[in-house]
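> Here you go, sequence then predicted model.
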Amino acid sequence: MRIAETVTFGGSGLDRAGRLRGDAEGLAGLLKAGRILPVWRGRPLCADGGHLGWLEAGHPALAGADAPVFLGLDGDLPRFAADISHWSPEAGAEAVQAGFFDPSFQTHPALPGALGFGELRGVMLRLSPREAELAATAKALVQWHRSHRFCSACGAPSAPTEGGWHRRCTVCAAQHFPRTDPVVIMLVTHGNRALIGRSPGWPEGVHSCLAGFVEPGETIEAAVRREVLEEAGVTVGPVRYLASQPWPFPASLMMGCHGIALTEEITLDPAELEQACWVSREEMLTVMAGRHPAIKPAREGSIAHFLIANWLADRLD
Ligand SMILES: [Zn+2]
C-alpha cells in the first residue's frame with residue numbers, strides 16, 4: 001500500500017540511534033542536553049491543545065522518576081522518556097479509571113496548568129508524525145519496564161541497560177528485550193461489501209475490522225484466515241498485507257491486511273463478537289460520516305478507520 005506510512009503512528013523517520021545506546025557516559029551527556037517526556041500511568045505529558053510536554057533534566061516534576069529511556073535523536077535534539085507513575089496527585093487519581101477511553105486530564109503542581117497527563121488516544125490525531133512516533137515509543141517502552149521488572153528465567157530482579165532498550169538479570173545475566181505483540185487486523189471484503197463487527201464492551205454502536213493476536217508458528221495470512229473463521233465463521237481466501245501501525249495500548253503492532261471472503265454466511269463466536277455484518281460501500285460512507293442510524297465507525301487514528309477510509313477511496317494499492 002503506497003500510503004501505508006501515513007497511518008497515525010506511522011514511521012516519521014526518527015533516528016533511534018541504536019549506536020549510542022551502549023555508551024552510558026555519552027547518554028548522560030545527551031540527557032543533560034536533551035528533553036524528557038514524562039509518562040504517568042501510561043499517559044504522556046501533553047498540552048491541552050495537543051502537543052507533547054517536554055522537560056529538561058532536573059525538572060522538579062521528574063523527581064523520583066525511573067531511569068530515563070533514550071528514544072533517539074530528533075534532528076540534533078536527544079529525546080528521552082521517564083516514568084513518573086509513582087507520583088500521586090493530592091486530590092487522588094480516582095478520575096483515572098480503566099476503561100475504553102478516559103478523557104480526564106491530570107495536572108501536576110510543578111507544571112503549568114496547560115500541561116497535563118492525558119490518554120494518548122485523546123491527543124494522537126493532533127500530534128505531528130514525529131511526536132506521534134515519539135509518544136508511541138515512549139509509552140510502549142515505559143510500560144514494558146513497569147511490567148517486566150523481574151527475570152523470566154530465574155525470577156530475580158532485572159535492571160535496565162542500553163539506554164532502556166534491554167533489561168539484564170542481576171543474578172543469571174539473562175537479557176530481556178522490549179516486547180511487541182503482533183496483531184492482524186483485516187478488511188475482509190466480498191464484492192462490494194466489507195465485514196465489520198463489534199466486541200462486547202465497546203462504546204454503543206461502534207463497529208470495526210476484525211482483529212486478533214498472531215499465534216506462535218503462524219503466518220500473518222494464516223492468522224487472518226483463522227481469526228475471521230473463528231470469530232465470524234467466514235472463510236477467507238487470498239490475503240494481502242497493506243500497512244502496519246504501532247499501537248502502544250499496551251504493546252501491539254497492528255498488521256493491516258485485505259482478505260477476500262469466499263463465503264458470506266456469518267456464524268458469531270459470542271465470546272469474541274457481539275455482532276458482525278456485511279456493509280456495502282454506500283452504507284459504509286454513511287457510517288464513516290457519522291450518519292448511520294445504528295453503526296458508529298472505528299475511532300479515527302486507528303488502522304481500522306484508515307483501512308476502511310482508503311477502501312472507500314479506492315486507495316488500497
Ligand atoms: Zn535471571
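Yes, it's here. Numbers count the residues shown, from 1 in each chain.
> Helices along the protein, start to end?
24-33, 120-123, 129-147, 220-232, 281-288, 303-312 (DSSP state H).
> helices and strands around the second one, which ones?
The contact analysis (3 or more C-beta pairs under 8 Å, 6 or more residues apart in numbering; DSSP states H and E) places helix 120-123 against strand 43-47, helix 129-147. Glycine gets a C-beta too; all of them are placed from N, C-alpha and C.
> List the buried residues in the longest one.
Buried residues in helix 129-147, counting neighbours by 16 or more other C-beta atoms under 10 Å, are found at 129-145.
> what bridges to Asp15?
Leu73 (DSSP bridges).
> one step back: I'd like to know which of the helices and strands packed on helix 120-123 is closest to Gly13.
Closest approach to Gly13 among the helices and strands packed on helix 120-123 is made by helix 129-147 (8.1 Å; C-beta to C-beta).
> so Leu273 touches Arg198, yeah?
Yes: using C-beta atoms under 8 Å, Leu273 is in contact with Arg198, at 6.8 Å.
> List the contacts of Gly164.
67-70, 141, 145 (C-beta atoms under 8 Å, 6 or more residues apart in numbering).
> 10 Å - rerun?
21, 27, 66-71, 80-83, 138, 141-142, 144-145, 178 (C-beta atoms under 10 Å, 6 or more residues apart in numbering).
> and if you look at Gly259?
Gly259 sits in contact with 184, 186-190, 195, 209-210, 221, 224-225, 227-228, 234-240, where contact means C-beta under 10 Å, 6+ apart.
> Get me the contact residues on this protein for the ion.
Within the chain, the positions near the ion by C-beta under 5 Å from the ion are 151, 153-154, 156, 169, 172, 174.
> let's see it at 8 Å
151-156, 158, 169-174 (C-beta under 8 Å from the ion).
> Check the burial of the residue nearest to Gly205 when sequence neighbours are not counted by counting its neighbours.
Of all residues not flanking Gly205 in the chain, Lys296 sits nearest, at 3.9 Å (C-beta to C-beta, 6 or more residues apart in numbering). Lys296 has 17 neighbours, counted by other C-beta atoms under 10 Å.
> correct me, but Lys296 touches Ala289?
No: Lys296 lies out of contact with Ala289 (C-beta atoms under 10 Å); the separation is 11.0 Å.
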